[in-house]
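> 3D model of this:
(2 chains)
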Amino acid sequence: MERIPILKMGKFLLVTIQVDLYDRLALALEEDLVMMVHKTGAKGVLIDISALSIVDSFMGKIIGNIAAMSSILDAETVVVGMQPAVAITLIELGLPLSGVYTALNVERGMALLEARMPEETGNDRDNDDE
Amino acid sequence: MTGTMTTNNRETIIIQQERDLIICRNRVKDFAVRIGMGIVNQTKLITAVSELARNMLIYGGGGSVLLEVVSRGREPGISVVFQDKGPGIADITKAMQDGFTTGKSMGMGLPGAKRLASEFFIDSVVGKGTIVKIIKWKNG
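Purely as a prediction, here's the structure:
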């Protein structure tokens, strides 16, 4: 079965959804992501949905689940790149995605996650930058 | 009800498995683009279709989706009819309430699809099946 790739970027996991999600693929992503959070100890999950032309209630539920499960594992979830038409539709559908952080694009999503990370003692961060 | 019938302004899609939902969404998009529907209404229509087609698959055991270009005066629209031979819905009023579900979904399907469509009709007979029709007008 095909799978959505999950990339590790420092303390965060990045997922860019480029294909139409059918339900089983979305469920597999949910499972894979939660396993990856556990395995890598990631502190944040960034989900880029800019290529998704629709988000229906099933997909919305999966996004909510990922956020809730990651949160239990001490990782924050940010959904980025939502198309304006998708945002309008989600609200009318009755799915406000509450409890999920959102940002306009990957860059801002990263900044949001960085800002939410507790201050670390200098050394770690210096090493990351090399 | 077997196979796929295609003419210019009318098409039937059979929904039997998850992947059929994606085919159905793509066909609806083609129809919406053909009548020049804007992106927001397109998205609303496709999302409503996704909800209703999934409902039909999960609760009705699959069924058929009839897509059609319709018009009121000079304004075109897309009509989508979902028909299954499933167990039917015992209490339609209840099924139309936000958050009501007999399954593990969020209960957004029917009421959400109704809000997203311009027009919405539902009829169901227990033991016989369910038919849902929505229309999305190009500008509404």
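> distance between the longest helix seen in chain A and the chain's centre?
In terms of residue count, the longest helix belonging to chain A (DSSP state H) is helix A:23-40. Distance of helix A:23-40 from the chain centroid (C-alpha atoms, centre = their mean, to the nearest Å) equals 11 Å.
> after that helix comes which helix or strand?
strand A:44-48 (DSSP states H and E).
> Just list what that next one packs against, helices and strands only.
strand A:12-16, helix A:57-72, strand A:76-80, helix A:106-116 (3 or more C-beta pairs under 8 Å, 6 or more residues apart in numbering or on different chains; DSSP states H and E). Using the backbone N, CA and C atoms, a C-beta is placed for each residue, glycine as well.
> which one of these is the most hemmed in?
Burial of these is given as mean neighbour count (mean count of other C-beta atoms under 10 Å in any protein chain shown); strand A:76-80 ranks first at a mean of 22.
> Following element in sequence after that one, please.
helix A:84-93.
> how about that following helix: buried residues?
A:85-90, A:92-93 (16 or more other C-beta atoms under 10 Å in any protein chain shown).
> Return the residues in contact with residue A:85.
B:39-40, B:42-44 (C-beta atoms under 8 Å, 6 or more residues apart in numbering or on different chains).
> Could you do residue B:36 as well?
Counting by C-beta under 8 Å, 6+ apart, residue B:36 has contacts B:76, B:138.
> Angles on the backbone of it, please.
phi 80, psi 30 (degrees, to the nearest 10).
> As JSON lines, the buried residues of helix A:84-93 with pLDDT would be great.
Below are the buried residues of helix A:84-93 laid out as JSON lines (pLDDT from 0 to 100):
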{"residue": "A:85", "pLDDT": "96"}
{"residue": "A:86", "pLDDT": "95"}
{"residue": "A:87", "pLDDT": "94"}
{"residue": "A:88", "pLDDT": "95"}
{"residue": "A:89", "pLDDT": "95"}
{"residue": "A:90", "pLDDT": "93"}
{"residue": "A:92", "pLDDT": "92"}
{"residue": "A:93", "pLDDT": "91"}
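> then the longest helix of chain A to PDB, C-alphas only?
Taking Å, rounded to 0.1, in the frame of the first residue of the first chain, the C-alpha atoms of helix A:23-40 are listed here in PDB:
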ATOM      1  CA  ASP A  23      -9.700   7.100   3.900                       C
ATOM      2  CA  ARG A  24      -7.300   4.200   4.400                       C
ATOM      3  CA  LEU A  25      -4.300   6.300   3.300                       C
ATOM      4  CA  ALA A  26      -5.300   9.000   5.900                       C
ATOM      5  CA  LEU A  27      -5.600   6.400   8.600                       C
ATOM      6  CA  ALA A  28      -2.200   5.000   7.700                       C
ATOM      7  CA  LEU A  29      -0.800   8.500   7.900                       C
ATOM      8  CA  GLU A  30      -2.300   9.000  11.400                       C
ATOM      9  CA  GLU A  31      -0.700   5.800  12.600                       C
ATOM     10  CA  ASP A  32       2.700   6.400  11.000                       C
ATOM     11  CA  LEU A  33       2.900   9.900  12.300                       C
ATOM     12  CA  VAL A  34       2.100   8.900  15.900                       C
ATOM     13  CA  MET A  35       4.600   6.100  15.700                       C
ATOM     14  CA  MET A  36       7.200   8.500  14.300                       C
ATOM     15  CA  VAL A  37       6.600  11.000  17.000                       C
ATOM     16  CA  HIS A  38       7.200   8.300  19.500                       C
ATOM     17  CA  LYS A  39      10.300   6.900  17.800                       C
ATOM     18  CA  THR A  40      12.000  10.200  17.100                       C
END
